[in-house]
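*Asks:* structure for this input, please:
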Amino acid sequence: QVQLVESGGGLVQAGGSLRLSCVASGSIFRLNAMGWYPQVPGKQRELTASITSGGTTNYADSVKGRFTISIDNAKNTVYLQMNSLKPADTAVYYCNAKMGYLNVNYWGQGTQVTVSS
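*Replies:* Numbers count the residues shown, from 1 in each chain. Below you'll find the model as predicted:
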């Protein structure tokens, strides 16, 4: 069993910052990558940022220059620093981890981020 636990969400005004954290625990084997997928009601989760265990990052165009993803491999923890937040960033942010030779997906329970105008 693998558990992903997110934290750091909340309510912030436009232009503000938040830092999300996600800790992976349990039967972790070959952690290949971790990422963050926001979801709003009625829409699918979409990748906003991901990072491999080697440090290669990928960002959605909408967050480039505002969000920074980082990983602490020793702690199996991924962080998402979100700056210059916009109301359009409001969503439930789900942590994702890809593990093993088949890149099996694991998901956290989500953390709510609300940006007020």
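
*Asks:* can you show me the helices along this protein?
*Replies:* Ranges of helices in the chain, per DSSP state H: none exist.

*Asks:* show me the shaky parts of it.
*Replies:* Of all residues in the chain, none has pLDDT under 70.

*Asks:* how close does the residue nearest the centre of it sit to Y59?
*Replies:* The centroid of the chain falls nearest to W36 when counting by CA atoms, centre = their mean (2.5 Å). Taking CB to CB, to the nearest Å as the measure, W36 falls 10 Å from Y59. Using the backbone N, CA and C atoms, a C-beta is placed for each residue, glycine as well.

*Asks:* give the residues shared as contacts by these two.
*Replies:* Counting by CB atoms under 8 Å, 6 or more residues apart in numbering, the contacts common to W36 and Y59 are T48, A49, I69.

*Asks:* how many residues are close by the last one?
*Replies:* By the measure other CB atoms under 10 Å, the count of residues near I69 is 22.

*Asks:* how much space is there between the closest residue to it other than its chain neighbours and S27?
*Replies:* With CB to CB, 6 or more residues apart in numbering as the criterion, I69 has its nearest non-adjacent residue at 4.1 Å, and that residue is A49. Using CB to CB, A49 is found at 25 Å from S27.
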